[in-house]
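Q: next one to model:
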Amino acid sequence: MTTTTTSMPSASGSESAGLRHLQPLDPHAVEGIVRMALAEDAPWGDITSETLIPPGTRARAVFAARQPGVLAGMQVFDSTMRATDPLAVVEHALRDGDRFDAGMAIASVEGDARAILRAERIALNLVQRMSGIATLTAQYVEAVSGTSARIVDTRKTTPGLRLLERHAVRCGGGHNHRYSLSDAVLAKDNHLAVLTAGGRDLTEALRDARSRLGHTTHLEVEVDRLDQIQPVLAGGADTIMLDNFTLDELRRGVALIGGRAVVEASGGVSLQTVADIAATGVDVISVGALTHSAPAIDLGLDIELEPGADRG
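A: Below you'll find the model as predicted:
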């Protein structure tokens, strides 16, 4: 059996982030995350609800915002409710990528009261976290509007939650960097130190590496000095990451690269600095703070007994 999910009329005043291209997450992966979280939270059952709530009691709960933000994680909300009550009925008022104000209803769920109470904290923890990431990402995206720079995340994610946190970045209008170490070559400072140990020429080393890669594999190289750019370009880099460069150095780096590679800026990025970084002409700005420093958005699940419900 599956949870019945329907759409409620759009909440008055809600603003769509225009992200209807968002792809659903792998339901099996989401279910695995949810079940792991539920097992951690109630390894031998929910003794509070099992003691206080009579079996068969039905309830309705309204999922609502307590502060403004951008929504991410409705698939996770549904999956959590489905895991504890396969017959739960969920109605959505908003979708991932929608903006909301304090007091807005996001969704409602009707089903077994014990099941909703068991799912409540896990659903809130995950959706609050994801919506916090989406909200912070949207602020960065807005800060660079009018430039050609795109905001991307990094691998600085919560272990086990990367799938959800990367989705939340997309809900906020951002983009994803490589998903894992298996996806693309990104040679950072420590890689280059090993690669050029013993005085090996950087360009030669990169060309050798490039020759061993498939033609579809992307090669990115991080540099922390302007004089590294030409050797890296000659080595065949597709993207050059300018790490912790000043604004003047970023402008000079963009000019030196001259469109021969994608230019990524990294390091020292904040909401206060990101607009100036984007104005230097870089193509990509990677921001670890999107996932490692986003505050959770305050959301609540308020439960009511259904009229005429069996109270035992």
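Q: now do the contacts for the closest residue to Thr147 other than its chain neighbours.
A: Nearest residue to Thr147 in three dimensions, chain neighbours excluded: Ala278, at 4.1 Å (C-beta to C-beta, 6 or more residues apart in numbering). Where you see a C-beta, it was placed from the backbone N, CA and C, and this is true even at glycine. Residues in contact with Ala278 (C-beta atoms under 8 Å, 6 or more residues apart in numbering) are 143-144, 147, 149, 285.
Q: go again using 6 Å as the cut-off
A: The contact partners of Ala278, by C-beta atoms under 6 Å, 6 or more residues apart in numbering, come to 144, 147, 149.
Q: and the second one, helix, strand or coil?
A: Reducing the assignment to helix, strand or coil with DSSP: H, G, I helix; E, B strand; the rest coil, the entry for Thr147 is coil.
Q: against Ala72, how distant is it?
A: 24 Å (C-beta to C-beta, to the nearest Å).
Q: equivalent analysis for Val284, please.
A: On the measure of C-beta to C-beta, Val284 and Ala72 end up 21 Å apart.
Q: repeat that for Asp153.
A: Using C-beta to C-beta, one obtains 13 Å as the distance from Asp153 to Ala72.
Q: and those two? Which one has more around it.
A: Ala72 (34 against 28; other C-beta atoms under 10 Å).
Q: identify the residues contacting that one.
A: Counting by C-beta under 6 Å, 6+ apart, Ala72 touches 96, 130-131, 134, 168, 171.
Q: give me the beta-bridge partners of the nearest residue to Asp224 once chain neighbours are set aside?
A: Excluding the flanking residues, the one nearest Asp224 by C-beta to C-beta, 6+ apart is Asp243, at 4.9 Å. Applying DSSP bridges to Asp243 gives these bridge partners: Ser266.
Q: kindly state the pLDDT recorded for Asp243?
A: For Asp243, the pLDDT comes out at 97.
Q: and what of Ser12?
A: Turning to Ser12, the model gives it a pLDDT of 36.
Q: cool, and Thr4?
A: So Thr4 comes in at 50 (pLDDT).
Q: just the CA coordinates for the helix or strand where Val254 lies, please, in PDB.
A: Following DSSP states H and E, one finds Val254 within helix 247-257. The C-alpha coordinates for helix 247-257 follow below in PDB (Å, rounded to 0.1, in the frame of the first residue of the first chain):
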ATOM      1  CA  LEU A 247      38.900  40.400  -5.900                       C
ATOM      2  CA  ASP A 248      41.700  41.900  -8.000                       C
ATOM      3  CA  GLU A 249      43.300  38.400  -8.400                       C
ATOM      4  CA  LEU A 250      40.000  37.000  -9.500                       C
ATOM      5  CA  ARG A 251      39.600  39.600 -12.200                       C
ATOM      6  CA  ARG A 252      43.200  39.000 -13.400                       C
ATOM      7  CA  GLY A 253      42.600  35.200 -13.300                       C
ATOM      8  CA  VAL A 254      39.500  35.500 -15.400                       C
ATOM      9  CA  ALA A 255      41.400  37.600 -17.900                       C
ATOM     10  CA  LEU A 256      44.300  35.200 -18.000                       C
ATOM     11  CA  ILE A 257      42.000  32.200 -18.600                       C
END
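Q: helices or strands up against that helix?
A: strand 239-243, strand 262-266 (3 or more C-beta pairs under 6 Å, 6 or more residues apart in numbering; DSSP states H and E).
Q: which single one of the contacts of Ala72 is nearest to Asp227?
A: For the contacts of Ala72, the minimum distance to Asp227 (C-beta to C-beta) is 38.2 Å, reached by Ala168.
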